[in-house]
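J.: here is my input; please provide its structure:
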Amino acid sequence: MKIQQVTQSGNAGASSLSPDGRYIVYVTHDGAQESLWVRQVATGGNIQVIPPEQAHYVAVSFTPDGNYVMFVRSDKSTVNFRYLYQMPVLGGTPQRLLRDIDSAPAFSPDGRQIAFVRGILDPPGNNILIANADGSEERLVSARIGFPPGSAAVSWSADGQTLAVVSPETRDGNFRWVVMTISVQTGAARDLHAFNASAQALAWLPDGRGVLVVATDLESGRGQIFFVSYPEGEVSRFTNDLTNYSLCCMEVTRDGNSLVALQDTTSSDIWVAKADGSEARQVTSGAPLGLGLDWIGNQIVAANSRFQWMLMKPDGSDSTPLTNDRDPHLQLSACPDGKHVSYTTWHNGTLQLWRANSDGSNAKKFDVGSLVGGGLCSWDSKSVFYASDKGLWEVPIEGGTPVKLNLPFAVYASSRDGKLRLTGSQRLDGDSYVAQMVVVPAAGGKPLKTFDAPYGLQTGSFTPDSSAIAFLINRNHATNIWEQKLSGGDPIQITKFTSGDMFAFAWSGDGRQLAFSRGQRKSDVVMISNFH
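T.: Below you'll find the model as predicted:
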């Protein structure tokens, strides 16, 4: 087997390999803008076929004859709807074929039809559809109830009879990423294998003996490629290295001898500044740290790349583990009184809600049934908020019977005085998608303030004095913390970095210090060959 890094820029996105192995199409990121490139494998030459613009490419692929590039894209006015386009491989005018598509199209062997995924919000799930190659005469093959909408993937077998799908579904109350086969003619579905951790991209091998799947390795937390045999469903490792393969993308050539995938690396260090973002200084270096971030009293608590959490002083010294086991703890919230933390834990394919003392001792699991996310400690430190598939709930910090809340499902944060909630709204205005930040009274009632959500908004929360909404956005090639004052006006940039990414931020309990993590995400296309 030979592994070759194709791009060196560190800003590659979705990628695909032409059926004959001659070309690679890939996306590049430049801040909030993305562009599309085609590379000739033999010569290493690159051609930009679509210039940078404020858009997001979800998936790319080729037509079976290799003459056209297919891409699935949204832009700033159609964030919630993605469109399928086709254009000549070396550039030209893109032609729109399909509206509302969430995966790369998988072509039938004769090239006349495509299979694709469409995410459904109510009830949440993913529909598997087939249409003519020009997007006409679409028909539903299988409706899968699951999570999250739009994250499934599909591949068409070489004999034309069967689709392979990775479908995120709840099985026996647990999250599973199910590799299944679906009959093209009847829609009959059969489970092949269920992964206990996230999986997405997959590709049939041309000889039909199985599929390759990119899934998360539970031991390392890295994305790896697995082989799932057909029809037995037996699983074996295809890769076993230190690379983190992105779950988004993988494509195999027609002869089954080469594939392309995307490798990811992340560097992240913790910085501390004054509350207004000034006088920022880096306090950690080395292994990625701060992918999650909060304060416990006058200490910072931060997550590493495996989502184990560390306690440290604001200058980065005296670092000690808060959690130190094999399970990833995906989200942690420190209670304002400094006595407890609540967190979510991924254990054997199940998301669990826990609370512990502020030093990690006396950990206790809440009995809350099916958990979707959350684990936010309340403003008064007396309870924990979480989300299930039946809505938002609150459970006492010491344990007890959960109570369902009459709040929107998309509640992102509470103000420190407990009076305000930050939520979001989404609506369609023609073909345009409008997203808004909404401030509502914690006691219920009509919205107090509504603001348009900036394109690419991440991680919304209230400032310590509850006068503004703080969030991350990438502008001019750098991610920074911005604030939207509740009194109105345009968003204000708080931190002033001119390059790099930012992953999380939090103010100290007294509101005098601001901790944040920043670094860089790097992703490059890799080609694996000679494995047939």
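
J.: look up how far residue 107 lies from the closest residue to residue 239 other than its chain neighbours.
T.: Excluding the flanking residues, the one nearest residue 239 by Cβ to Cβ, 6 or more residues apart in numbering is residue 225, at 4.5 Å. All C-beta atoms are positioned from the backbone trio N, CA, C, and that covers glycine. Using Cβ to Cβ, to the nearest Å, residue 225 is found at 22 Å from residue 107.

J.: what's the helix or strand encompassing the residue nearest to residue 239 in contact with?
T.: Assessed by DSSP states H and E, residue 225 sits inside strand 223-229. With contact meaning Cβ atoms under 8 Å, 6 or more residues apart in numbering, strand 223-229 is reached by 179, 192-193, 195, 209-217, 234-241, 243-247, 250, 261, 264.

J.: mind listing the strands that strand pairs with, and their directions?
T.: Neighbouring strands of strand 223-229 in its sheet, by DSSP bridges, are strand 210-216 (antiparallel), strand 235-237 (antiparallel).

J.: which of the ones you listed is buried the deepest?
T.: Sort the strands paired with strand 223-229 by mean neighbour count, taking mean count of other Cβ atoms under 10 Å, and strand 210-216 sits at the top with a mean of 25.

J.: now it: how far from the chain's centre is it?
T.: On the basis of Cα atoms, centre = their mean, to the nearest Å, strand 210-216 sits 18 Å off its chain's mean C-alpha point.

J.: quick one: mean pLDDT for it?
T.: The pLDDT scores in strand 210-216 average 97.

J.: how about stretch 415-427?
T.: Rounded mean pLDDT across stretch 415-427 is 87.

J.: please apply the same query to stretch 306-320.
T.: Rounded mean pLDDT across stretch 306-320 is 94.

J.: how about that stretch as PDB, C-alpha atoms only?
T.: Provided in PDB are the C-alpha atoms of stretch 306-320 (Å, rounded to 0.1, in the frame of the first residue of the first chain):
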ATOM      1  CA  ARG A 306      -9.600  13.000  23.200                       C
ATOM      2  CA  PHE A 307     -12.000  15.100  25.200                       C
ATOM      3  CA  GLN A 308     -10.400  14.400  28.600                       C
ATOM      4  CA  TRP A 309     -10.600  17.600  30.700                       C
ATOM      5  CA  MET A 310      -7.700  19.300  32.500                       C
ATOM      6  CA  LEU A 311      -7.700  21.800  35.400                       C
ATOM      7  CA  MET A 312      -5.100  24.600  35.500                       C
ATOM      8  CA  LYS A 313      -4.300  28.000  36.800                       C
ATOM      9  CA  PRO A 314      -5.000  31.000  34.500                       C
ATOM     10  CA  ASP A 315      -1.200  31.200  33.700                       C
ATOM     11  CA  GLY A 316      -1.300  27.500  32.500                       C
ATOM     12  CA  SER A 317       0.600  26.100  35.500                       C
ATOM     13  CA  ASP A 318      -0.400  23.300  37.900                       C
ATOM     14  CA  SER A 319      -2.300  21.300  35.200                       C
ATOM     15  CA  THR A 320      -4.100  18.300  36.700                       C
END
